[in-house]
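>>> Would you be able to build a 3D model of this:
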Amino acid sequence: MHSELFQIGPLTVRAYGLCMALGFLFGWQAAVWLCKRTGQNADKLTSLLTWLMISAVFGARAAYVLEHWKAEFAGAPLAIIRIDQGGLMFYGGLIAAALVLFLYARVCRQHLFTITDLVLAVVPLGHAFGRFGCFMHGCCYGKITRSCIGVAFPKESPAWWEQVSASPPLIPQTAAQSLPVIPTQLIESAANLLLFAALYTLYPKRHQQRGFITGCYLVCYAALRFGIEYLRGDPRLALGPFSISQAISLGIFGFGLFCLWRSRRAPVAIPSR
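Have a look, this model is predicted:
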């Protein structure tokens, strides 16, 4: 865990913020490459991805704050703006970005699935960087484990604080590190890289089948996230027998299946240049 990487004068460069920036940068470049490979016009791509980045960060932070208001923000509301220290809920960002995509498609008179197929083909790459940033910061950790994959985070990390604050405490305040936990951040990061590789390969072959890539992403990520939630050890907001993220995953999985069904019935798109 290396939350703070280095300082440039009064500016502290944090791993989480840097990973987010790299994720957006590499995701944007991958989208440009896909446009070139498929003969699409990438001129408007930069402005679209900029708006998506802003809306995704806003939505992800808003969702995280709502889920952790009592535990983290009720006594320190100014901490809401410190997104460089971690604390983003991916599904909140995905929903906010989806609303922007919908408005963009209506204003520009483009088919929604034409845009979402391209964007969601590269989202897993940016997400992989983001989850690695979570690992560097120490958030989004997994349950305590005795297995060989367990990772112990240092004193005053989120996992350490959670274990010290447990009733009864799992470790004393003098402990130099937390008990080993499952590195769910790295597991999800690796899974997202595999998903990106699959979608990046599929997109040139299936991008004219509107909604196919969108459906593949939604189904695969929803299933992945649903399973990962069982391994998470950080505080989770419950919704019945599931966490809030699992409940959202079920809805997204169903919508993904609808997108796949719709893509088989939709007319083949004509590529724009």
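
>>> Quick one, grab the pLDDT at the residue of the chain most remote from its centre.
Going by C-alpha atoms, centre = their mean, the residue of the chain most distant from its centre is residue 174, 33.8 Å out. Model confidence at residue 174, given as pLDDT, is 95.

>>> Using the three-state scheme, assign it.
coil (DSSP: H, G, I helix; E, B strand; the rest coil).

>>> Can you give me the distance of it to residue 180?
Distance of residue 174 to residue 180, computed by C-beta to C-beta, to the nearest Å: 18 Å. Every residue, glycine included, has its C-beta placed from N, CA and C.

>>> for residue 63, same thing?
29 Å.

>>> Can you pull the poorly scored residue ranges out of the chain?
Counting by pLDDT under 70, the low-confidence segments of the chain come to 1-2, 6, 9-13, 68, 71, 82-87, 266-273.

>>> That one: helices as residue ranges?
Assigned by DSSP state H, the chain shows helices spanning 15-37, 45-67, 90-108, 112-137, 158-165, 184-206, 212-229, 244-265.

>>> Please dump those helices into CSV; it should also carry distance to residue 78 for every row.
Listed next are the helices of the chain as CSV, based on distance: least, C-beta to C-beta, whole Å:
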stretch, distance to residue 78
helix 15-37, 18
helix 45-67, 12
helix 90-108, 20
helix 112-137, 19
helix 158-165, 19
helix 184-206, 26
helix 212-229, 30
helix 244-265, 25
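
>>> among these, which is the most enclosed?
Of all the helices of the chain, helix 112-137 carries the top mean neighbour count, a mean of 24, counting by mean count of other C-beta atoms under 10 Å.

>>> hmm, back to that, which one of the helices of the chain lies closest to residue 149?
helix 184-206 (8.6 Å; C-beta to C-beta).

>>> Need the contact partners of that closest one.
30, 34, 37-38, 117-118, 120-122, 124-125, 127-129, 131-132, 134-135, 139-142, 212-213, 216-217, 220-221, 224-225, 228, 231-233 (C-beta atoms under 8 Å, 6 or more residues apart in numbering).

>>> now it and helix 244-265, what's the angle there?
10 degrees (axes from the mean of the first three to the mean of the last three C-alpha atoms, to 10 degrees).

>>> Helix 184-206 to helix 212-229, inter-axis angle?
Going by the same axes, to 10 degrees, helix 184-206 makes 170 degrees with helix 212-229.
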